[in-house]
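S.K.: here are the coordinates; sequence isn't available:
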């Protein structure tokens, strides 16, 4: 198999609008918490706003405080006790966490810190929004506290390395290259997201100086499965070498304990622009992502297909496994960041941001995706 040669080019960015529910932002409609307390027979309080005060003894919800507080809501009984004072307004983008029946607030993204007002990775929910370490100082859509690792090495066919170039320019935490390390419960435990790259156990015709991986053992596969089971997010790629059946076999050893894999029968058939998508957090805002002679992620059990190439071959599948997630992509072209950075033909950058967000634990490091990412 030979991959095509590609050159990067500059296109016109296409803005997409991200709408996130239940996350905090540096700008939340006039810098206020938009939660709304609903009145009840005993007068519930309103949600916590930027400077909301508590309800009164006349059954009112959270009445406006000084400045821009939480929204008020009338109670149905005049004799109920009001709620306690809402949270102060010093934390940007907080809200919706008061003692009353808080409502929903909308996050429209924007520049600056798109996290929940947190500025340090300390393992705590500092802004009390239900998300631990949702820090994104640069406002680029990658959580600054997310620990990402790769297994294997980059493929042979492209230019640039997503995990040393693109990520490192956006996050203070560089991706960790596990390479050919033996996988154990201990060395996997520190990561929230792991991406499997080229794990071939043989040298390729294209690059005979390429390092090779050891064949993964059942114990290593079991360690990876336990990591996903406990909440880890696993991403897989394929199409890194010329030899179809051997590459499928090598990654299959590692994925055996999670019971997923790539189709071992049809060759490198995933090809062209993937434009057919099922609605899902990973596919939000995605119109087209390129593939170059990959393999369908369809082997095993429990996989849900989400994307197809022009000939109907599955290009993206996902699976829930215990408390964790698995996303399988039928190619490796998207790991070569110099082929797609700063162009609008494909939404690869948005695709990666969606992947990292979905693969991350739901109460850790969840930050909004900027609406202008393409």
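M.R.: On my side now, so go ahead. The structure displayed is predicted, hence computed values, not measured ones.

S.K.: so which residues of the stretch 51-200 of the chain form strands?
M.R.: Secondary structure of the stretch 51-200 of the chain by DSSP state E, counting those that start in this stretch: the strands cover 106-107, 148-151, 176-179, 193-196.

S.K.: okay, now the unreliable bits of the protein?
M.R.: When residues are selected by pLDDT under 70, those of the chain lie in 1-116, 155-160, 204-210, 340, 342, 373-374.

S.K.: one more pass at 50, please.
M.R.: 1-2, 5-112 (pLDDT under 50).

S.K.: now do the helices in the stretch 201-350 of the chain.
M.R.: Ranges of helices within the stretch 201-350 of the chain are 218-229, 244-255, 348-359, based on DSSP state H, counting those that start in this stretch.

S.K.: residue 368 reaches residue 143, doesn't it?
M.R.: No. At 10.2 Å, residue 368 does not count as touching residue 143 under the criterion of Cβ atoms under 8 Å. The way it works is simple: take the backbone N, C-alpha and C, and place the C-beta from them, glycine included.

S.K.: count of neighbours near residue 311?
M.R.: Residue 311 has 9 neighbours, counted by other Cβ atoms under 10 Å.

S.K.: what are the phi and psi values at it?
M.R.: When quoted as degrees, to the nearest 10, the phi and psi of residue 311 stand at phi -100, psi 10.

S.K.: over to residue 144?
M.R.: Residue torsions, per degrees, to the nearest 10, at residue 144 are phi -70, psi -10.

S.K.: which residues touch it?
M.R.: 115, 121, 135, 136, 137, 138, 171, 172, 173 (Cβ atoms under 8 Å, 6 or more residues apart in numbering).

S.K.: shouldn't the fifth one be in contact with residue 118?
M.R.: No. Using Cβ under 8 Å, residue 137 is not in contact with residue 118, being 9.6 Å away.

S.K.: looking at the two, which one has more neighbours?
M.R.: residue 118 (29 against 15).

S.K.: give me the distance between the more buried one and residue 364.
M.R.: 12 Å (Cβ to Cβ, to the nearest Å).

S.K.: do residue 271 as well
M.R.: 36 Å.

S.K.: among those two, which residue is more densely surrounded?
M.R.: Ranked by neighbour count (other Cβ under 10 Å), residue 271 and residue 364 place residue 271 first, with 20 against 17.

S.K.: circling back: and the buried ones among the contacts of residue 144, selectable in ChimeraX?
M.R.: Buried residues within the contacts of residue 144, by 16 or more other Cβ atoms under 10 Å, are selected in ChimeraX with:
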select :115,121,135,136,138,171,173
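
S.K.: mutual contacts of residue 118 and residue 364, please.
M.R.: Common neighbours of residue 118 and residue 364 (Cβ under 8 Å, 6+ apart) are residue 133.

S.K.: neighbours of residue 215, how many?
M.R.: So residue 215, with other Cβ under 10 Å, has 12 neighbours.

S.K.: now do the contacts for the closest residue to it other than its chain neighbours.
M.R.: Of all residues not flanking residue 215 in the chain, residue 201 sits nearest, at 5.2 Å (Cβ to Cβ, 6 or more residues apart in numbering). Neighbouring residues of residue 201 by Cβ under 8 Å, 6+ apart: 212, 213, 214, 215, 246, 250.

S.K.: my guess is the last one meets residue 212, correct?
M.R.: No. Taking contacts as Cβ under 8 Å, residue 250 lies outside contact range of residue 212: 9.5 Å.

S.K.: common neighbours of these two, please.
M.R.: 200, 201.

S.K.: these two: which has the busier surroundings?
M.R.: residue 250 (23 against 16).

S.K.: quick one: contacts for residue 195?
M.R.: By Cβ under 8 Å, 6+ apart, the contact set of residue 195 is 148, 149, 150, 151, 163, 175, 234, 235, 236, 237, 335.
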